[in-house]
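**Student:** can you look at this prediction? I've put the sequence above it.
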Amino acid sequence: MRDVAVMGVGMTKWGELWEKSLRNIFVETALQALDDAGIDKIDSMHVGSMSSGLFVGQEHIASLLTDYLGVNPIPCSRVETACASGGLALRTGFMEVACGMSDVVLVGGIEKMTDVSGSEATYALGSAADQEYEGYHGITFPGLYALIAKAHMEKYNTTREQLAQVAVKNHSNGSLNPLAQFPFKVTVDKVLNSVMIADPLRILDCSPITDGAAAAILCPVDMVKQKGKPVIKVTGSGHATDSIALAHRDDITWLEATYQAGKKAYGMADKKPQDIDVLEVHDCFTIAEICVLEALGIVEKGKGGEAVEKGLSSLDGKIPVNTSGGLKAKGHPVGATGIAQVIEIVKQLRGEGEKRQVKDARVGMTQNMGGSGGSTLVHIFEKE
Amino acid sequence: MSLPSRYWREIPQRYRLEAYKCQNCGAVHFPPRLVCSKCQSRKMEKIRLSGRGQIVSFTIIRVPPHQFEDQAPYAVGLAELEEGIKLTAQIVDCPFEELKTGMKVKVEFRKVFQQGESGILCYGYKFVPE
């Protein structure tokens, strides 16, 4: 296997982009990644998108996107593992470069979510759960994570305030990220008084509906060196699955797929949780960040709430988590999220984190999760 | 809107709580599955669930998907049945303030939602306090 590096990244401002179409949002972002890498030719593309069919009625976006990027006839695949689609695009591109099939691969993610009403978007997102045995009974995604939150609170004495502190921390980080959809701070009080969505989760516990894309250019490490660019290597990749239905897990507070994907990535990169300097995780809901930190071994089982309360995961903490603002503040255009996490880590490792730069960051990790935890991708990046 | 076949093929599970029990390791699967997720055996026997259990976790859905817009707010819970398996369904006939984890419930046959004005009425199971 060849060593693989991220040569360029691109991301435009996220939000409710009513004036922009799916194809144009993606092309703008991809062009930025090409410019950042200093190249104009790619060998292939992999793009993560959860549900372009339900959100804009458009399937077959692999060829739509190569066409509008002006790179036909290169091969392109659209990959999908719900909210982890972006992470899967990264892994697919990583494997292609590592095995030598291609040299320069663009990996991206896109979701255009505001062309449908809120309840239709809720329905589309719900299709990442078991439609026949969860969705059929009226449970939504906030609802599934609410079931996890309630169980975590009862089992480990995790408090409502600790959940709120995840949102407060991520919004504080997001206020330093000009590309974030909601770059403003919130207080614990504001979170606790926001509208209830699915008890005990309130709207400020939930990631938003967002239009956005993200793209990165992968290539062999040697090529980045020849170009004299900073070398950010992908040193670990893990991918695992779990039951699609939350009900079918022995312990609904434990994210087994995240644990398994983390174990693979740590093993491949020969790293331990304490080696990670900066971490982007899938905080689709505040409770998710708490459970993910436990499953990745950053904290012990049941201690995820304390991590945020005691400042372990804050920007100046021992392991800063979601310096970008996370899904919570940066936004969550589902298929793009996994790639946006990579962009934040690359910026941190390059020292381009601006006001949210983590000092001396050399090793970064991303964790991108689909559904209520039915699939997870974990990647580790190192600065050479 | 889906055609009725998608609905009626699930009737044995939704109306009669039919599950599969692995003949090799004894694991119970609901809904039925062709391969045991515990031991990979393909030998299954059909059983009917007792329909008795207790609530493991619950929530109140205040922002529903469009098919449930006329019902919100409503409670949805996860219940562990006597057979050791968990099910997701609405909890009804119980004021929200009386919901708690550990409460005993039984599974009853109810209307779940309807597919619009001229669509089919979709039935299934809900939890009611015992």
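**Tutor:** Noted; the coordinates are in hand.
**Student:** how many residues are close by residue 42?
**Tutor:** With no chain named, the answer covers chain A. By the measure other C-beta atoms under 10 Å in any protein chain shown, the count of residues near A:Ile42 is 23. Backbone N, C-alpha and C define where each C-beta goes, glycine included.
**Student:** that's the other chain; I wanted chain B
**Tutor:** Neighbour number of B:Arg42 under other C-beta under 10 Å is 10.
**Student:** so is the worst-scoring helix or strand of chain A on mean pLDDT next to chain B?
**Tutor:** Within chain A, no helix or strand scores below helix A:118-126, which has a mean of 89 by mean pLDDT, DSSP states H and E. Yes - Helix A:118-126 is in contact with chain B by C-beta under 8 Å from any C-beta of the partner chain, via A:118-120, A:122-123, A:126.
**Student:** just the buried ones from the residues you listed?
**Tutor:** A:119, A:122-123, A:126 (16 or more other C-beta atoms under 10 Å in any protein chain shown).
**Student:** SS state for A:Gly93?
**Tutor:** helix (DSSP: H, G, I helix; E, B strand; the rest coil).
**Student:** mind listing what it touches?
**Tutor:** Neighbour list for A:Gly93: A:44, A:46, A:105-107, A:218 [criterion: C-beta atoms under 8 Å, 6 or more residues apart in numbering or on different chains].
**Student:** now render the residues you listed as CSV, adding pLDDT and neighbour count.
**Tutor:** As requested, these are arranged in CSV below (pLDDT from 0 to 100; neighbours: other C-beta atoms under 10 Å in any protein chain shown):
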residue, pLDDT, neighbour count
A:Ser44, 98, 21
A:His46, 98, 27
A:Val105, 98, 26
A:Leu106, 98, 29
A:Val107, 98, 31
A:Leu218, 98, 28
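**Student:** how about the residues of the stretch 201-350 of chain A near chain B?
**Tutor:** Counting by C-beta under 8 Å from any C-beta, the stretch 201-350 of chain A sits next to chain B at A:201, A:243, A:245-248, A:252.
**Student:** can you turn the buried part of these into a ChimeraX selection?
**Tutor:** Restricted to buried positions by 16+ other C-beta under 10 Å, the ChimeraX selection for those reads:
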select /A:201,243,245,246,247,248,252
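**Student:** looking at the residues of the stretch 201-350 of chain A next to chain B, which are in helices?
**Tutor:** Using DSSP state H, the subset of these located in helices is empty.
**Student:** what residues sit buried inside stretch A:310-323?
**Tutor:** Buried residues in stretch A:310-323, counted by 16+ other C-beta under 10 Å: A:312-315, A:319-323.
**Student:** burial count for A:Leu296?
**Tutor:** Look at A:Leu296: counted by other C-beta under 10 Å, it has 27 neighbours.
**Student:** ramachandran angles for it?
**Tutor:** Here is the backbone geometry of A:Leu296 (degrees, to the nearest 10): phi -90, psi 0.
**Student:** could you pull out the helices for chain B?
**Tutor:** Under DSSP H, chain B gives helices at B:4-8, B:11-16.
**Student:** ok, now the stretch 101-250 of chain A?
**Tutor:** A:118-126, A:141-156, A:160-174, A:188-192, A:221-226 (DSSP state H, counting those that start in this stretch).
**Student:** among these, which gets the worst mean confidence?
**Tutor:** Ranked by mean pLDDT, these bottom out at helix A:118-126, with a mean of 89.
**Student:** show residues contacting that one.
**Tutor:** A:51, A:54-55, A:113-114, A:116, A:134-135, A:139-141, A:209, A:334, B:63-67, B:69.
**Student:** what subset of those is buried?
**Tutor:** Among the contacts of helix A:118-126, the ones that count as buried by 16+ other C-beta under 10 Å are A:51, A:54-55, A:113-114, A:116, A:134-135, A:139-141, A:209, A:334, B:63-65, B:67.
**Student:** filter those residues down to the ones in strands?
**Tutor:** Applying DSSP state E to the buried ones among the contacts of helix A:118-126, no entry is found in strands.
**Student:** any weak-confidence spans in chain A?
**Tutor:** Applying pLDDT under 70 to chain A flags no residue at all.
**Student:** how is it partitioned into domains?
**Tutor:** Segmentation of chain A into domains, based on automatic domain parsing, reads A:4-117+A:210-226, A:140-207+A:236-383.
**Student:** is it possible to export these to a markdown table including distance to B:Arg52?
**Tutor:** Below are these laid out as a markdown table (distance: least, C-beta to C-beta, whole Å):
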| stretch | distance to B:Arg52 |
| --- | --- |
| domain A:4-117+A:210-226 | 33 |
| domain A:140-207+A:236-383 | 16 |
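**Student:** of all the ones you listed, which lies closest to B:Thr88?
**Tutor:** domain A:140-207+A:236-383 (4.8 Å; C-beta to C-beta).
**Student:** now that closest one: how far from the chain's centre is it?
**Tutor:** Its chain's average C-alpha position is 9 Å from that of domain A:140-207+A:236-383, according to C-alpha atoms, centre = their mean, to the nearest Å.
**Student:** straight-line length of that domain, end to end?
**Tutor:** 40 Å (C-alpha to C-alpha, to the nearest Å).
**Student:** stretch A:224-235 too?
**Tutor:** One end of stretch A:224-235 sits 15 Å from the other (C-alpha to C-alpha).
**Student:** what sits up against that stretch?
**Tutor:** Contacts of stretch A:224-235 (C-beta under 8 Å, 6+ apart): A:3-7, A:37-38, A:90, A:94, A:218, A:221, A:268-269, A:271, A:345-346, A:349-350, A:379-384.
**Student:** if I look at A:Ala164, how far off is B:Arg33?
**Tutor:** 39 Å (C-beta to C-beta, to the nearest Å).
**Student:** sorry, wrong one. I was asking about B:Glu82.
**Tutor:** Applying C-beta to C-beta to B:Glu82 and B:Arg33 gives a distance of 20 Å.
**Student:** and for B:Leu81?
**Tutor:** Between B:Leu81 and B:Arg33 the computed distance is 16 Å (C-beta to C-beta).
**Student:** swap in A:Asp40?
**Tutor:** Noted for A:Asp40: a distance of 50 Å to B:Arg33, by C-beta to C-beta.
**Student:** and the two? which has more neighbours close in?
**Tutor:** The neighbour comparison of A:Asp40 against B:Arg33 (other C-beta under 10 Å) goes to B:Arg33, with 14 against 10.
**Student:** what's A:Val9 in contact with, if anything?
**Tutor:** Counting by C-beta under 8 Å, 6+ apart, A:Val9 makes contact with A:32-33, A:36, A:214-217, A:342-343, A:346-347.
**Student:** listing partners with orientation, what would you give for whichever strand or helix holds it?
**Tutor:** Following DSSP states H and E, one finds A:Val9 within strand A:4-11. With DSSP bridges as the test, strand A:4-11 is paired with strand A:212-220 (antiparallel), strand A:232-241 (antiparallel).
**Student:** and the last one, how far out from the chain's middle?
**Tutor:** Per C-alpha atoms, centre = their mean, the displacement of strand A:232-241 from the mean C-alpha position of its chain is 13 Å.
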